[in-house]
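Enquirer: Test case, fold it:
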Amino acid sequence: MAKAGNKNVYIVVALIIVVVVCAIIYGVLNKIDTPLLPSTQMQDLLNKALVTRKPMIFFIYLPDEKNVWDETLADQQFAGTFEKILTYKEPVSFFLKTKWNQQIKSLTVPAILAVDYRNRFIRLQEGIPSSEELRSIFADVLLHHELMVAQDIAAKKELDKLKSIVENQQYIDAMDRLRTFLMVYENTECEVQARDLLNDVSVKPQVIEYLRSNRDAANRKVLLHKAQEDFRYKRYFNADRAISFLVQHFPNSEEAQAASEIKQQIDTIARDEFREATDLYNRKQYYQAYEKYLSLHQKFQGTHWDVYISGKIQQMDADPAFATYKERLVKDREAEGIFNRAEQLFEQEQWDQAEQFYNTVLRFHPKSRYAFRSKQRIEEMNTLRYSKPSKKTDDTSIDAKEE
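Expert: Reported below is the predicted structural model:
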């Protein structure tokens, strides 16, 4: 009994599944507009338009409205126009929706869809137009068609010239003109042929060498410009790298020669400033010499000059005579930072806080060059405090005047 019951359950479930699948299929089929124009027939129409070079107009109707265009198109005055245009009355078919989905996917009324002989969209007019409006649509379509035909004819003539240039093995000239052709005659019937021809020309040895040479020329100009800009803004390490690459990879180029001149200028600047720092050191002006070497180290870091500059800094660090000067340098820099903060507060007239920073300089860095200036500032603030009337005094004076 149990097995018989289970079997009945399976049968019921299977029937339910069949019903659901049938319902889904029915719903999908109902969504497809009928009658459908076979895709092969539609392709025949497109091929006919391409052969005859005539634009196409589809008078689209919705299901159950097959005769909606009959009265409008019955007017004999359109007979001459129909000879110039391929016209079809079609339903909103699956093929039409696939081909021009963006244009007709949301149609709820009859419409006119116009495309040229190369299957390019021209315009969409929703609703049934009057005779006057329909004449205007035909005129626009024919004008667009004439322009397209003229462009295709001009493109074919130009492409024939380019083929002759290629046959004469003038590949570089052909490549440049083919690129221009594809910009001017884009979307013409000769576009595909032109692209194929350009691909063939691009692999010719002469063209490959020409492109490589042009690429190298462009790279040389970029590198030289970079070297010039880095030199101008004293980024000597970056300039030195660009110069080295130019001289190494393009030694006989004009850019390499110009880069070498920049290199000489960098060397002259480094040499002169290095000599100045060395002269200061030899005159035992250790403080100024050390600062000069540190400045040079920042400017020429990474260049070959930095080897000499860093060596001098290490020499001074190891020199006992410089030990006291170095200690003074460190303290002076600390004092400088505190003093600069005091100066900011002084300019903002926050004198109490400024005085605390000035006193810090006097207390911890009494022998620095900022100690004397801090003392002067404190005296100046005291003078300003006593000479500037307080707010309370000003208010009393005003009240007295009012009385």
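Enquirer: Which parts of the protein belong to which domain?
Expert: 39-128, 152-207, 215-318, 325-391 (automatic domain parsing).
Enquirer: can you tell me which of the ones you listed comes nearest to Asp140?
Expert: Nearest to Asp140 among the domains of the chain is domain 39-128 (6.8 Å), distances taken as C-beta to C-beta. In short, each C-beta sits where N, CA and C put it, glycine included.
Enquirer: just to revisit the earlier point, quick one: the domains of the chain as a markdown table, columns for mean pLDDT, mean neighbour count and distance to Phe138 too.
Expert: Converted to a markdown table, these look like this (pLDDT from 0 to 100; neighbours: other C-beta atoms under 10 Å; distance: least, C-beta to C-beta, whole Å):
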| stretch | mean pLDDT | mean neighbour count | distance to Phe138 |
| --- | --- | --- | --- |
| domain 39-128 | 73 | 15 | 5 |
| domain 152-207 | 88 | 15 | 21 |
| domain 215-318 | 89 | 16 | 52 |
| domain 325-391 | 84 | 15 | 81 |
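Enquirer: contacts for stretch 370-387?
Expert: 332, 335-336, 338-339, 342-343, 346, 351, 354-355, 358-359, 361-362, 365 (C-beta atoms under 8 Å, 6 or more residues apart in numbering).
Enquirer: Apply 6 Å and report the result again.
Expert: Outside of stretch 370-387, the residues within contact range by C-beta atoms under 6 Å, 6 or more residues apart in numbering are Ala335, Phe339, Trp351, Glu355, Tyr358, Val361, Leu362, His365.
Enquirer: what's the answer for stretch 46-59, then?
Expert: Residues contacting stretch 46-59 (C-beta under 6 Å, 6+ apart): 69, 85-90, 113-117, 119, 141, 145.
Enquirer: Off-centre distance for that stretch?
Expert: Relative to its parent chain, stretch 46-59 has a centroid offset of 41 Å by C-alpha atoms, centre = their mean, to the nearest Å.
Enquirer: End to end on it, go ahead and measure it.
Expert: 15 Å (C-alpha to C-alpha, to the nearest Å).
Enquirer: Over to stretch 297-305?
Expert: First residue to last in stretch 297-305 (C-alpha to C-alpha) measures 9 Å.
Enquirer: quick one on the thing from earlier: just the ones of the contacts of stretch 370-387 in helices?
Expert: Ala335, Phe339, Trp351, Glu355, Tyr358, Val361, Leu362 (DSSP state H).
Enquirer: Could you tell me whether Leu107 really is in a strand?
Expert: No. Under DSSP: H, G, I helix; E, B strand; the rest coil, Leu107 falls outside any strand and is assigned coil.
Enquirer: Now do Arg336 against Phe357, distance only.
Expert: Quick fix: residue 336 is Glu, not Arg. Counting by C-beta to C-beta, to the nearest Å, the separation of Glu336 from Phe357 is 12 Å.
Enquirer: Actually, Leu345.
Expert: Taking C-beta to C-beta, one finds Leu345 at 7 Å from Phe357.
Enquirer: secondary structure class for Ile122?
Expert: Ile122 is classified as strand under three-state DSSP.
Enquirer: Might you report the residue contacts of the closest residue to Gly302 other than its chain neighbours?
Expert: Counting by C-beta to C-beta, 6 or more residues apart in numbering, Gly302 lies nearest to Phe237, which is 3.7 Å off, once chain neighbours are set aside. By C-beta under 6 Å, 6+ apart, the contact list for Phe237 reads Gln301, Gly302, Thr303.
Enquirer: Between these, which sits nearest Val149?
Expert: Gly302 (65.2 Å).
Enquirer: For that closest one, grab phi and psi.
Expert: Per-residue torsions, Gly302: phi 100, psi -20 (degrees, to the nearest 10).
Enquirer: need the contacts of stretch 370-387 in a markdown table with distance to Ile165, can you?
Expert: Shown next, in a markdown table, are the contacts of stretch 370-387 (distance: C-beta to C-beta, whole Å):
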| residue | distance to Ile165 |
| --- | --- |
| Ala335 | 78 |
| Phe339 | 77 |
| Trp351 | 85 |
| Glu355 | 86 |
| Tyr358 | 83 |
| Val361 | 82 |
| Leu362 | 87 |
| His365 | 82 |
